[in-house]
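Visitor: no sequence on this one, just coordinates:
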């Protein structure tokens with residue numbers, strides 16, 4: 001059976017992983033939830049054990065719903081006499097979007113009326129409504145004219161664990177707390193003997209959730225006590241009792257093994273009083289150690305290693321003071337420099353104010369508030385010892401030459417950059433032949449405006465001595481640091497080596513450090529350190545802008561989509577739908593993250609993991625704008641070998657067949673020796689080379705970095 005598990009936006013992929021770990025055969029992330037497949041037993045296990053889910057919705061019926069009459073008739077057709085009994089109370093939650101029905105409360109009332117009328121029509125008594133604690137909770141989702149009626153198997157929000165007795169200001173929901181703990185790797189750290197610390201603990205949500213997680217306590221164990229979460233007739237009561245008994249047994253063993261390695265502090269005595277009350281209700285008063293303390297005076301716990309989780313104040317009701325965030329970062333670097341940290345900040349700017357260098361950042365929602373989660377490991381990078389011969393020196397003659405050229409290029413591009421709004425660009429491309437490298441500038445979005453450099457060193461000829469290669473590399477980097485005023489950790493250096501079949505692309509580092517940049521009004525994640533390419537091909541900037549303009553109100557297809565930048569920009573520009581196809585799950589997840597960063601997702605924006613050529617030849621839909629930017633070669637074990645020179649006619653013919661009337665196909669590749677088979681293509685398409693129009697000023701020195709064509713069907 002297919003069912004839906006909802007969650008806070010930003011937790012979808014974590015939740016999908018959790019559901020698969022719980023034994024579900026399939027779980028696919030979508031916006032604000034996961035489409036799951038499994039049995040009723042699987043769904044009940046999710047209700048009891050999921051730490052991240054908000055609700056588990058088991059569908060009864062879906063139908064077209066153009067108006068409230070259709071809604072009433074659709075619900076009336078369901079056999080409610082087989083779903084509940086007259087003596088059981090009910091409640092209806094409604095979520096509506098679109099123009100058909102705009103008021104959720106009215107929709108819920110129509111659903112309730114239909115259920116009641118169906119029961120009466122079967123000669124049964126009218127069931128009563130209990131909004132707070134119903135026996136059966138019904139869920140309506142109305143989206144794009146389709147209504148889905150489901151049973152809420154958890155009986156209500158699953159973030160409620162049953163232990164919260166006292167709430168301090170703006171408490172964090174328990175499922176968001178679980179996400180911070182999971183990304184902090186707390187279960188692994190606890191298993192290895194590490195500690196947990198929250199120096200701004202408020203009501204103790206993160207600490208209580210962390211302790212229960214470490215003790216292997218099922219999140220739903222104390223939500224309803226021994227009473228099942230729903231009295232819906234389709235609920236497997238015997239299986240629930242077995243699951244519940246197993247959870248009780250695991251709890252007993254886990255609590256017995258739990259050690260007092262969890263520490264919390266807060267400057268507000270009322271917050272600590274609330275936290276102690278909550279910990280006592282959860283049976284953890286002897287496990288969690290609380291104290292009233294200013295974060296600036298933070299003391300290191302006795303354990304040598306561990307992780308920090310923290311939710312500093314940030315919304316309208318709680319002052320978001322950047323100085324407080326700086327104090328937090330400084331205190332952590334002083335007290336626990338080698339630990340890992342997972343911190344939920346209201347904005348990227350507040351995260352930046354901590355002074356901590358995030359290994360990875362995530363966007364998630366705390367209610368309606370979009371927040372930034374920082375994952376930092378370690379909290380303070382170890383300082384390198386500087387010897388006498390490493391003391392700062394003046395630039396060498398060669399480095400000064402490179403610095404002069406960089407400054408010259410910056411002056412040359414200044415007016416263009418200001419006029420175009422471009423913030424990520426190529427500033428140097430082997431301008432001085434002996435310093436053979438490309439230097440790209442990435443300006444961080446979100447108000448910080450920090451500069452990062454991506455330096456790709458071209459492989460030197462074999463005749464050049466290694467000592468000279470190393471010297472020139474160091475002079476190039478010294479010039480870049482001098483001109484842009486950067487430290488080593490904001491410059492990513494790669495060497496692009498030539499191999500059989502073209503450039504070798506491989507994993508470089510394992511920082512998992514993403515930064516956000518902006519292009520054509522879209523926010524994008526780039527990774528400068530972990531791969532040879534960053535997730536954003538800068539040379540395609542003008543072509544992406546052209547396609548985004550043409551895609552407004554139209555259907556956009558992105559083949560070999562990589563990280564989906566063209567799809568995201570088309571969607572931001574108002575594309576009716578986007579479809580992004582790539583064989584790599586890593587790139588598709590990156591594409592989904594880019595979509596989510598811009599508030600995009602759902603059925604309108606499909607992600608397809610497939611061999612693009614084979615998928616295209618089997619596809620039946622039509623598209624108005626198609627982008628095809630294939631690799632030069634591909635020999636993946638999961639797909640047929642691909643050679644763009646050999647396969648391009650077959651590829652373009654299949655793509656042109658998918659064009660809607662008046663549609664346009666943009667084809668590009670960066671194979672320097674590529675030769676378009678114009679005679680073969682003339683048989684099925686009009687074709688125009690547009691390469692010069694797709695090169696911005698920063699790539700004029702290397703105008704053959706790619707070639708591009710515009711095709712329309714005959």
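Guide: Cool, got the structure. Fair warning: this is a prediction, and the values are worked out from it, not measured in the lab.

Visitor: strands of the stretch 301-450 of the chain, start to end?
Guide: 306-310, 340-345, 360-366, 369-376, 424-429, 437-443 (DSSP state E, counting those that start in this stretch).

Visitor: show me the helices in the stretch 201-350 of the chain, by range?
Guide: Counting by DSSP state H, counting those that start in this stretch, one finds helices in the stretch 201-350 of the chain at the ranges 205-214, 237-257, 269-281, 322-335, 348-353.

Visitor: actually the stretch 401-550 of the chain, not the one I typed
Guide: 466-484, 541-551.

Visitor: and residue 220, which of the ones you listed is closest to it?
Guide: Nearest to residue 220, of all those, is helix 541-551, at 44.5 Å by C-beta to C-beta. C-beta: built from backbone N, CA, C; applies to glycine.

Visitor: before we move on, the earlier item: most packed of the helices of the stretch 401-550 of the chain?
Guide: helix 541-551 (a mean of 21; mean count of other C-beta atoms under 10 Å).

Visitor: buried residues in the helix or strand following that one?
Guide: Following helix 541-551 in sequence order, the next helix or strand is strand 555-559 (DSSP states H and E). For strand 555-559, a neighbour-count test (16 or more other C-beta atoms under 10 Å) marks 555, 556, 557, 558, 559 as buried.

Visitor: and these, which is closest to residue 267?
Guide: The nearest member of the buried residues of strand 555-559 to residue 267, counting by C-beta to C-beta, is residue 558 at 50.1 Å.

Visitor: end to end on stretch 357-369, go ahead and measure it.
Guide: Stretch 357-369 has its terminal residues 23 Å apart, counting by C-alpha to C-alpha, to the nearest Å.

Visitor: relative to residue 325, how far out is the closest residue to residue 314 other than its chain neighbours?
Guide: Spatially, and ignoring its direct neighbours in sequence, residue 314 is nearest to residue 346 (2.6 Å; C-beta to C-beta, 6 or more residues apart in numbering). Separation of residue 346 from residue 325 (C-beta to C-beta, to the nearest Å): 9 Å.

Visitor: neighbour count for those two, which is higher?
Guide: Using other C-beta atoms under 10 Å as the criterion, residue 346 and residue 325 rank with residue 325 on top: 25 against 21.

Visitor: relative to residue 514, how far out is the residue nearest to the more buried one when sequence neighbours are not counted?
Guide: Spatially, and ignoring its direct neighbours in sequence, residue 325 is nearest to residue 353 (4.0 Å; C-beta to C-beta, 6+ apart). Counting by C-beta to C-beta, the gap from residue 353 to residue 514 is 19 Å.

Visitor: any stretches of the stretch 551-700 of the chain with poor pLDDT?
Guide: The model of the stretch 551-700 of the chain has pLDDT under 70 over residues 636-639.

Visitor: what about the strands in it?
Guide: So, for the stretch 551-700 of the chain - with DSSP E, counting those that start in this stretch - the strands run 555-559, 577-582, 605-609, 623-628, 633-634, 642-643, 659-669, 685-689.

Visitor: same deal with the stretch 51-200 of the chain?
Guide: 55-64, 90-96, 136-143, 146-152, 195-198.

Visitor: contact partners of the longest one?
Guide: Yep, that's strand 55-64 we're talking about. Defining contact as C-beta atoms under 8 Å, 6 or more residues apart in numbering, one finds that strand 55-64 is touched by 1-6, 40, 43, 46-47, 50, 70, 74-75, 77-78, 83, 139, 141, 145-154, 156-158, 234.

Visitor: could I have the buried ones of those residues as ChimeraX selection syntax?
Guide: Selection of buried members from these for ChimeraX, criterion 16+ other C-beta under 10 Å:
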select :3,4,5,6,40,43,46,47,50,70,74,75,78,83,139,141,147,148,149,150,151,152,153,154,156,157,158
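
Visitor: make TSV from the strands of the stretch 301-450 of the chain and add mean pLDDT, distance to residue 612 and mean neighbour count to it.
Guide: Putting these into TSV (pLDDT from 0 to 100; distance: least, C-beta to C-beta, whole Å; neighbours: other C-beta atoms under 10 Å) gives the following:
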stretch	mean pLDDT	distance to residue 612	mean neighbour count
strand 306-310	97	41	26
strand 340-345	95	37	25
strand 360-366	85	28	19
strand 369-376	88	33	21
strand 424-429	97	26	22
strand 437-443	96	27	22
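
Visitor: now tabulate the ones you listed in JSON lines and tack on distance to residue 702.
Guide: Shown next, in JSON lines, are the strands of the stretch 301-450 of the chain (distance: least, C-beta to C-beta, whole Å):
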{"stretch": "strand 306-310", "distance to residue 702": "45"}
{"stretch": "strand 340-345", "distance to residue 702": "39"}
{"stretch": "strand 360-366", "distance to residue 702": "32"}
{"stretch": "strand 369-376", "distance to residue 702": "36"}
{"stretch": "strand 424-429", "distance to residue 702": "5"}
{"stretch": "strand 437-443", "distance to residue 702": "8"}
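
Visitor: nearest to residue 224 among these would be which one?
Guide: Residue 224 lies closest to strand 360-366 among the strands of the stretch 301-450 of the chain, at 25.2 Å (C-beta to C-beta).

Visitor: so what strands line up beside that closest one?
Guide: strand 369-376 (antiparallel) (DSSP bridges).

Visitor: how about residues contacting the partner strand?
Guide: Contact partners of strand 369-376, identified using C-beta under 8 Å, 6+ apart, comprise 10, 179-180, 183-184, 314-315, 340-348, 350-351, 354, 356-365.

Visitor: can you rerun that using 6 Å?
Guide: 183, 315, 341-346, 348, 351, 356, 358-362, 364 (C-beta atoms under 6 Å, 6 or more residues apart in numbering).

Visitor: then stretch 545-563?
Guide: Contacts of stretch 545-563 (C-beta under 6 Å, 6+ apart): 520, 535, 566-567, 569-570, 573-582, 587, 590-591, 612, 623-630.

Visitor: for the spatially most central residue of the chain, give me its contacts.
Guide: The centroid of the chain falls nearest to residue 593 when counting by C-alpha atoms, centre = their mean (3.8 Å). Taking C-beta under 6 Å, 6+ apart, we find residue 593 in contact with residue 525.

Visitor: distance check, it against residue 1.
Guide: Counting by C-beta to C-beta - residue 593 and residue 1 are separated by 29 Å.

Visitor: residue 431 too?
Guide: Applying C-beta to C-beta, the value for residue 431 to residue 1 is 62 Å.

Visitor: mind showing which ranges of the stretch 351-500 of the chain have poor pLDDT?
Guide: Across the stretch 351-500 of the chain, residues meeting the criterion (pLDDT under 70) sit at 383-393, 447-448, 496-500.

Visitor: so residue 240 makes contact with residue 228?
Guide: Yes: between residue 240 and residue 228 there is a contact at 5.2 Å, judged by C-beta atoms under 6 Å.

Visitor: and the pLDDT at the closest residue to residue 573 other than its chain neighbours?
Guide: Sequence neighbours aside, residue 548 is the residue nearest to residue 573 in space, at 4.0 Å (criterion: C-beta to C-beta, 6+ apart). Model confidence at residue 548, given as pLDDT, is 97.

Visitor: let me know the distance separating residue 548 from residue 667.
Guide: Taking C-beta to C-beta, one finds residue 548 at 17 Å from residue 667.

Visitor: residue 649 too?
Guide: Separation of residue 649 from residue 667 (C-beta to C-beta): 11 Å.

Visitor: the two: which has the busier surroundings?
Guide: Per other C-beta under 10 Å, whichever of residue 649 and residue 667 has more neighbours is residue 667, with 27 against 16.
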